[in-house]
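In: Got a sequence here, can you build the structure:
(one chain, ligands or ions: 2)
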Amino acid sequence: MTSGPEQQAEVGIIGGSGIYALDALTDVRRVRVATPYGDPSGELVLGELSGTRVAFVPRHGEGHHILPSRIPARANIHALKSLGVRQILAVSAVGSLREDYAPGDLVVPDQLVDRTRVDRGSTFFDEDVVVHVAFAEPYCGRLRQSLVEAAGRATTAKVHESGTYCCMEGPQFSTRAESELHRRLGFDLIGMTAIPEAKLAREAELCYASLCLVTDYDCWFDGHDDVTAHAVVEVMRRNSEAAKATLTTLLAKQQPDPDCACQNVLASSINTSLENLPARAAERYRVLLGKYLPSGH
Ligand SMILES: CSC[C@H]1O[C@H](OP(=O)(O)O)[C@H](O)[C@@H]1O
Ligand SMILES: Nc1ncnc2[nH]cnc12
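Out: Ligands and ions are numbered 1, 2, ... in the order given. Below is the predicted model:
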């Protein structure tokens, strides 16, 4: 683990489309963090927000050059964990699949459906150790509640307390038939990035919640323009202050809960005996499994 309090953070913030920096951070320093899973999306920005040590990473990289299928989510989450982060707040632009979730609204999703198609590196534990984490509730309930309250206090935007986020592969947006299908399947939001981020945060025993900004009605709604990338970024440009104000307000009050189930999930999830774990595996997984490794490792 990286040492020195100035190299540590309590909360990780992952920025999405339109959120490539946090201007309100003070005492800022940039760090390059190496991980067993390669390089994160870029340097991590360490700083203080509302008195909380924060580490920020824009998932698409600065200048938005990483497509959803190639986001190095394992490296991003591992890097945040190695800096001491216990909670992750993720920000995303999403399309809406229902009329009452309108562009400009904020949504804190409570459910997630994985409709990605390619291997995005969706587990840390891909050799020597087999882990099956519980994922019935993919987001941390406590952190979601804090986001909902903070958004209500910090903005005048409409805040929706729940929703099912469907993660598609992209990078192309949906056809009209797919958009209709997603609606009929009961999904509320469409995006391309919550998977594998949420799965990996759970495996890393981090509380994880997402603040979604509705940018469009995808392409199902007669009378509304079909989504384009430029339209998404333009709506984000107009509404990103609401997301940033929500984060600032949340961090002024939020305390990590060491007893949260998210932070102890591996206690009931590791199938492999760690007694005779090869040394190179212990090394690879030290940041993630440290507290479960037998002494001597
Ligand atoms: C720029 S439009 C499509 C792009 O926006 C969303 O990204 P993020 O979740 O990082 O805000 C969507 O998932 C796509 O990656
Ligand atoms: N309509 C849409 N589909 C997929 N990802 C999105 N991100 C923002 N709007 C989106």
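In: element containing the residue nearest to Ser122 when sequence neighbours are not counted?
Out: With CB to CB, 6 or more residues apart in numbering as the criterion, Ser122 has its nearest non-adjacent residue at 3.6 Å, and that residue is Pro196. Using the backbone N, CA and C atoms, a C-beta is placed for each residue, glycine as well. In the assignment (DSSP states H and E), Pro196 maps to helix 194-203.
In: Can you show me the CA trace of that helix as PDB?
Out: The C-alpha trace of helix 194-203 is given here as PDB (Å, rounded to 0.1, in the frame of the first residue of the first chain):
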ATOM      1  CA  ALA A 194     -21.300   0.300 -14.600                       C
ATOM      2  CA  ILE A 195     -20.100  -3.200 -15.500                       C
ATOM      3  CA  PRO A 196     -17.500  -4.300 -14.400                       C
ATOM      4  CA  GLU A 197     -16.900  -1.400 -12.100                       C
ATOM      5  CA  ALA A 198     -19.600  -2.300  -9.600                       C
ATOM      6  CA  LYS A 199     -18.600  -6.000  -9.600                       C
ATOM      7  CA  LEU A 200     -14.900  -5.100  -9.000                       C
ATOM      8  CA  ALA A 201     -15.800  -2.700  -6.200                       C
ATOM      9  CA  ARG A 202     -17.700  -5.500  -4.400                       C
ATOM     10  CA  GLU A 203     -14.700  -7.900  -4.900                       C
END
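In: Let me have the following helix or strand past it in CSV, keeping just the CA atoms, if that works.
Out: In the C-terminal direction, the helix or strand that comes right after helix 194-203 (DSSP H and E) is strand 207-216. Output of strand 207-216 as CSV, limited to C-alpha atoms (Å, rounded to 0.1, in the frame of the first residue of the first chain):
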residue,chain,number,x,y,z
CYS,A,207,-18.8,0.5,-0.7
TYR,A,208,-19.9,1.6,-4.2
ALA,A,209,-22.8,3.8,-5.3
SER,A,210,-23.5,5.7,-8.5
LEU,A,211,-24.9,9.1,-9.2
CYS,A,212,-26.4,9.0,-12.7
LEU,A,213,-27.3,12.1,-14.7
VAL,A,214,-30.0,11.6,-17.3
THR,A,215,-28.8,13.1,-20.5
ASP,A,216,-31.3,11.8,-23.1
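In: Could you tell me which strands strand 207-216 is paired with, and in which direction each runs?
Out: Strand pairing for strand 207-216, determined by DSSP bridges: strand 87-96 (parallel), strand 106-107 (antiparallel).
In: show me where the stretch 51-200 of the chain has strands.
Out: For the stretch 51-200 of the chain, the strands defined by DSSP state E, counting those that start in this stretch occupy 52-58, 87-96, 106-107, 111-115, 159-160, 164-168, 189-191.
In: Need the nearest residue in space to Gly152, chain neighbours excluded.
Out: Nearest residue to Gly152 in three dimensions, chain neighbours excluded: Val159, at 5.4 Å (CB to CB, 6+ apart).
In: pLDDT score for the residue nearest to Ser122?
Out: We have a pLDDT of 98 for Pro196.
In: Quick check, it in contact with Asn76.
Out: No. Applying CB atoms under 8 Å as the test, Pro196 and Asn76 come out as separate, 10.4 Å apart.
In: Would you mind giving the strands of the stretch 51-200 of the chain as CSV with distance to Glu203 and mean neighbour count added?
Out: Formatted as CSV, the strands of the stretch 51-200 of the chain follow (distance: least, CB to CB, whole Å; neighbours: other CB atoms under 10 Å):
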stretch, distance to Glu203, mean neighbour count
strand 52-58, 18, 24
strand 87-96, 12, 26
strand 106-107, 24, 25
strand 111-115, 14, 18
strand 159-160, 28, 22
strand 164-168, 17, 24
strand 189-191, 20, 26
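In: Of all the ones you listed, which one is nearest Arg286?
Out: strand 52-58 (19.0 Å; CB to CB).
In: which helices and strands sit right next to that closest one?
Out: Under the contact definition 3 or more CB pairs under 8 Å, 6 or more residues apart in numbering; DSSP states H and E, strand 52-58 sits against strand 11-15, strand 44-49, helix 73-82.
In: right, is that strand up against ligand 1?
Out: No. Using CB under 6 Å from any ligand atom, strand 52-58 never reaches ligand 1; the gap is at least 8.4 Å.
In: what about that strand, average pLDDT?
Out: pLDDT averaged over strand 52-58 gives 97.
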